[in-house]
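**Q** Sequence and predicted model, in that order:
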Amino acid sequence: MRGGRVDAVHSAQTVSREVRPHGQVADYVLNRLTEWGIHRIYGYPGDGINGFLGALDRAKGDPELIQPRHEEMGAFMATAHAKFTGEVGCCMATSGGGAIHLLNGLYDAKLDHQPVLAIVGQQKRISLGAGCQQEIDPNALFKDVSEFVQTCMHPAQARRLIARALKVAISQRAVATIIFPVDVQEEDAQPSPPRMHGAVYSSIGFTKPRVIPPETELRKAADILNEGTKVAMLIGQGAAEAADEVVEAAELLGAGVAKTLLGREVLPDDLPYVTGPIGLLGSTASYELMMGADTLFMIGTSFPYAEWLPKEGQCKEKIQKEVEQWWRVLDDRAHEPADPVNPELVAHELSSRIPDRAILTADSGSGTNWWARHLRLRKGMRASLSGTLATMGPGTPYAISAKFSYPDRPVIAFVGDGAFQMNGMAELITVKRYWERWSNPTLVFCVFNNQDLNQVTWEQRAESGDPKFMGSQWIPDVPYAEFAKLLGLKGIKVDDPKQLGAAWDEALAADRPVVLEVVTDPEIPPIPPHIKKELGKKSAMAMLKGDPEAVGVITKGVKQKLHDFTESVKEKLPGGED
């Protein structure tokens, strides 16, 4: 039944609950996880976690098991849970291949600094080292992705390992992994270790320390900022809990504020001094802000791409005008004719229609450019993607996880056809299974159908000077909207730009999850805010080498870049707009 279960408590605090008998080690572990505030586990079954599966059945839904179609998707969902709730995300997999499948999603958590706990099965202790079926060395497998990884070899270890793993995950914003041999899972629990040499006790809960820099360092930073003629701010996800302070600092300093992709949700885009994203997927306004600054204030980010940061000793005015100019450029670009639909128009038409409190996710691909540039986030909205690993595949599971965490909020995912074929279509089956329990059914997967691994195609052209290689870049046309209908979901297909606005209205008002399939033009270039000389040279080389889409690419690329030039000239004319 929709809304038939109370949503998870968004806190790491201990909650009141019925005390269950300790039973087996697996029962004790699950009980202990709930005491730590973990009430949902994303996992796929296998005999290496049979003890946990039985315990989950006995737990009667607390914690509950959410079954994705693949362990990798479970790890992505756990990562998204951490991103959107601030809690520890939890995933579970069997031994052997199931454990290996977790890695990509866990690396996404590691590189984006999210607290995730992985519970992994293993063969019986007596079998280890014998080369049994599905026996791998999980300690070696997980040692790089995890800040903490240990195998529970005795029931009395369970209490300590859970506490240590969760404290590491929370305090270091990292992945922690506990491996449980299947026979240990089914042994009698030992909630309190024996009072003997070597036994270690542990408690529940962790309070983050408050780190305050010395006053001398604060004064030094304040002096540098006050001396700046033109201050630029760059914020990342680490500033999420200090949004009000960021606004106050920006207004006191008269600074423009650019955002990393992971920091998109920290400040709304309707603030006049917010210039939008930075980098290859960024805005011209952010580029101009950085190039015109003499002082840079970075908050909650370790943005590593120096070519997009200020040069020393520069100064420029009119940040607010540059922001307004950038939005006009995007509007012009979105309405350029395409064959059949301009992909920028897909995001542009959604932007003014985004529901309040919406959660927005994006996969990794050319659609991420339009997600980053065109969607104007308002206060209360959330947004995330695989920021550092930038792997294909998380857009769909992120959206599903967001819906489990906030069943009352609308969720919208931007997914390329390549990523949707890779794993998104299978996860629609997960949506089919669970969607009726969500109090708000609005969940839209917007699929950019251009039959091209488009971001990589453009990278081949711009970074290597190679033409599009059809053998690697073309992908089959699939009826995505029709597939959704086969599952009992709603499917909408758009191949006419005039239909796009109405299609978004229909999707956002639907009584069930929707696949909005838009047939987009692969020749619309994701032009960066500033074209470096080397990128332009190599792109031209790719065209000269016989790129199959050369004519369209050149024509449409020139038109898109002309809008930047036109708006720039307008600003320099007397009267601005005339």
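**A** Thanks, I have it. Since we're looking at a predicted model, the values are computed, not measured.
**Q** which regions of the stretch 251-400 of the chain lie under the pLDDT threshold?
**A** For the stretch 251-400 of the chain, applying pLDDT under 70 flags the ranges 305-306, 308, 311-318.
**Q** What residue, apart from its backbone neighbours, is nearest the residue nearest to the spatial centre of the chain spatially?
**A** Closest residue to the average C-alpha location of the chain: L385 at 2.2 Å, with C-alpha atoms, centre = their mean. Leaving aside its chain neighbours, L385 sits nearest to A362 (4.2 Å; criterion: C-beta to C-beta, 6 or more residues apart in numbering). C-beta here means a position set from N, CA and C on the backbone, and glycine is covered the same way.
**Q** How many residues are close by the one you found?
**A** A362 has 31 neighbouring residues, counting by other C-beta atoms under 10 Å.
**Q** My read is that it contacts F414, right?
**A** Yes - using C-beta atoms under 8 Å, A362 is in contact with F414, at 4.5 Å.
**Q** Mutual contacts of the two, please.
**A** Residues touching both A362 and F414 by C-beta atoms under 8 Å, 6 or more residues apart in numbering: 368, 371, 395.
**Q** Only the buried subset of those residues, as a ChimeraX command please.
**A** The ChimeraX selection below is limited to those of these classed as buried (16 or more other C-beta atoms under 10 Å):
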select :368,371,395
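**Q** For D57, state which of the shared contacts of A362 and F414 is nearest.
**A** Using C-beta to C-beta, G395 comes nearest to D57 of those, at 31.7 Å.
**Q** Distance check, the closest one against S384.
**A** Taking C-beta to C-beta, to the nearest Å as the measure, G395 falls 10 Å from S384.
**Q** Mutual contacts of these two, please.
**A** By C-beta under 8 Å, 6+ apart, the residues touching both G395 and S384 are T361.
**Q** Look at the spatially most distant residue from the centre of the chain and give its secondary structure.
**A** Residue farthest from the centre of the chain, counting by C-alpha atoms, centre = their mean, is M196 at 45.8 Å. Secondary structure for M196, judged by DSSP: H, G, I helix; E, B strand; the rest coil, is coil.
**Q** before we move on, what about E517?
**A** Here E517 is strand, with the state taken from three-state DSSP.
**Q** Count the residues that sit near it.
**A** 26.
**Q** and H374, what is it in contact with?
**A** With contact set as C-beta under 8 Å, 6+ apart, H374 has these partners: 330, 334, 344, 347-348, 350-351.
**Q** Can you dump the C-alpha atoms of the helix or strand containing A82 in PDB for me?
**A** Following DSSP states H and E, one finds A82 within helix 71-85. The C-alpha coordinates for helix 71-85 follow below in PDB (Å, rounded to 0.1, in the frame of the first residue of the first chain):
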ATOM      1  CA  GLU A  71      24.600  -5.100  -6.300                       C
ATOM      2  CA  GLU A  72      26.200  -2.200  -8.000                       C
ATOM      3  CA  MET A  73      22.900  -0.400  -8.000                       C
ATOM      4  CA  GLY A  74      22.500  -1.200  -4.300                       C
ATOM      5  CA  ALA A  75      25.800   0.500  -3.600                       C
ATOM      6  CA  PHE A  76      24.700   3.600  -5.600                       C
ATOM      7  CA  MET A  77      21.500   3.700  -3.700                       C
ATOM      8  CA  ALA A  78      23.300   3.600  -0.400                       C
ATOM      9  CA  THR A  79      25.600   6.400  -1.600                       C
ATOM     10  CA  ALA A  80      22.600   8.500  -2.600                       C
ATOM     11  CA  HIS A  81      20.900   7.800   0.700                       C
ATOM     12  CA  ALA A  82      24.000   9.300   2.500                       C
ATOM     13  CA  LYS A  83      24.000  12.300   0.100                       C
ATOM     14  CA  PHE A  84      20.300  13.100   0.500                       C
ATOM     15  CA  THR A  85      19.700  12.300   4.200                       C
END
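**Q** partners of the following helix or strand past it, with directions?
**A** Using DSSP H and E, the helix or strand that follows helix 71-85 towards the C-terminus is strand 89-93. According to DSSP bridges, strand 89-93 forms sheet pairs with strand 40-43 (parallel), strand 116-122 (parallel).
**Q** now these as a markdown table including mean pLDDT, mean neighbour count and distance to E459?
**A** Formatted as a markdown table, the strands paired with strand 89-93 follow (pLDDT from 0 to 100; neighbours: other C-beta atoms under 10 Å; distance: least, C-beta to C-beta, whole Å):
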| stretch | mean pLDDT | mean neighbour count | distance to E459 |
| --- | --- | --- | --- |
| strand 40-43 | 99 | 27 | 31 |
| strand 116-122 | 98 | 28 | 29 |
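**Q** Using the three-state scheme, assign A419.
**A** Of the three states, A419 takes helix under three-state DSSP.
**Q** and it, what does it touch?
**A** 363-365, 392-393, 395-396.
**Q** circling back to that earlier point, for E251, see how far away the residue nearest to the centre of the chain is.
**A** According to C-beta to C-beta, L385 stands 29 Å off from E251.
**Q** before we move on, what about R219?
**A** Here R219 is placed at a distance of 21 Å from E251 (C-beta to C-beta).
**Q** Repeat that for Q122.
**A** Distance, Q122 to E251, using C-beta to C-beta: 55 Å.
**Q** next one: E71
**A** Counting by C-beta to C-beta, the separation of E71 from E251 is 47 Å.
**Q** what does L218 give?
**A** Distance, L218 to E251, using C-beta to C-beta: 19 Å.
**Q** Confirm for me that D269 is in contact with R373.
**A** No - contact criterion C-beta under 8 Å: D269 and R373 do not qualify, at 10.2 Å.
**Q** more crowded one of E71 and E251?
**A** Taking other C-beta under 10 Å, E71 and E251 do not tie; E71 has more neighbours (27 against 11).
**Q** Can you tell me, leaving aside adjacent residues, what's nearest to that one?
**A** H101 (3.6 Å).
**Q** H154 now?
**A** Computed as C-beta to C-beta, 6+ apart, the closest residue to H154 that is not its neighbour in sequence is V184, at 7.3 Å.
**Q** Shouldn't that neighbour be within a strand?
**A** No - V184: not assigned to a strand; according to three-state DSSP it is helix.
**Q** In the protein, where is pLDDT below threshold?
**A** Applying pLDDT under 70 to the chain flags the ranges 1-21, 199, 305-306, 308, 311-318, 528-540, 542-544, 550-578.
**Q** Got the domain ranges for it?
**A** Taking automatic domain parsing as the reference, the chain has its domains at 25-185, 215-317, 326-564.
**Q** What ranges does the stretch 151-300 of the chain have for its strands?
**A** 175-181, 231-235, 256-259, 274-277, 295-299 (DSSP state E, counting those that start in this stretch).
**Q** tilt between the longest one and helix 71-85?
**A** Okay, so that is strand 175-181. 140 degrees (axes from the mean of the first three to the mean of the last three C-alpha atoms, to 10 degrees).
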